[in-house]
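In: Requesting a structural model of the entry that follows:
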Amino acid sequence: MATKDRTEKLKAKIASEWVKDWKAELGGPIVDEEEFRQAFQDFLEQELGFAGGAKVSIEGDELRIQVEDCIICHGNEVLRKREEPTLCPILSTGLLSISRVLKRNAELVGVEKPGPVGFCTIRYRLLKPKK
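Out: I've put the predicted structure just below:
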């Protein structure tokens, strides 16, 4: 059985590798919020392909990812039933993408799961730009 601490480290490592590769593919950071929004949405939907859809929006100081039909969530339900730590690297991927590609600090506000398994909205608060 995986420990919670080990699982948290694994999520961060997966996210870090994904974002490192994506940033290299982009050729560096993107400072324009709309350009970042579109590129990040394309990365989530087309490159990672973990869900049927992933829509990214930025309004004011909030970035949202709306996830539809996520395959990771279904696996996490099995882990929850076994009372084992879950593994969703998408939360860390969002934070690291905002930090490393958009060059902004952010904090996770929360995850809303209003519908069936596999559907959620992940919310981040964008903080002041990095200098």
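
In: Would you mind listing where the chain has pLDDT under the threshold?
Out: 1-4, 130-131 (pLDDT under 70).

In: ranges for the strands of the chain?
Out: For the chain, the strands defined by DSSP state E cover 51-59, 62-70, 104-112, 120-129.

In: Would you give the sheet partners of the third one, along with the direction of each?
Out: Translated: strand 104-112. Applying DSSP bridges to the sheet, strand 104-112 is found paired with strand 120-129 (antiparallel).

In: angle of the strand it pairs with against strand 51-59?
Out: Here strand 120-129 points in a direction 40 degrees away from that of strand 51-59 (axes from the mean of the first three to the mean of the last three C-alpha atoms, to 10 degrees).

In: What residues sit buried inside strand 120-129?
Out: Residues 120-124, 126 are the ones in strand 120-129 that count as buried (16 or more other C-beta atoms under 10 Å). Where C-beta positions appear, they are placed from N, C-alpha and C, glycine not excepted.

In: now, among those residues, which is nearest to residue 27?
Out: residue 126 (22.6 Å; C-beta to C-beta).

In: tell me the contacts of the closest one?
Out: By C-beta atoms under 8 Å, 6 or more residues apart in numbering, the contact set of residue 126 is 58, 61-63, 98, 102, 104-106.

In: Farthest-apart pair in these, please.
Out: So, the contacts of residue 126 by C-beta to C-beta: farthest apart are 58 and 105, at 14.6 Å.

In: Comparing these two, which residue is more hemmed in?
Out: residue 58 (17 against 14; other C-beta atoms under 10 Å).

In: what pairs with the more buried one across the strands?
Out: Beta-bridge partners, per DSSP bridges, of residue 58: residue 63.

In: buried sites along the top helix by length along the chain?
Out: In the chain, with assignment by DSSP state H, the single longest helix is helix 4-26. Buried residues in helix 4-26, counted by 16+ other C-beta under 10 Å: 7, 11-12, 14-15, 18-19, 22-23.
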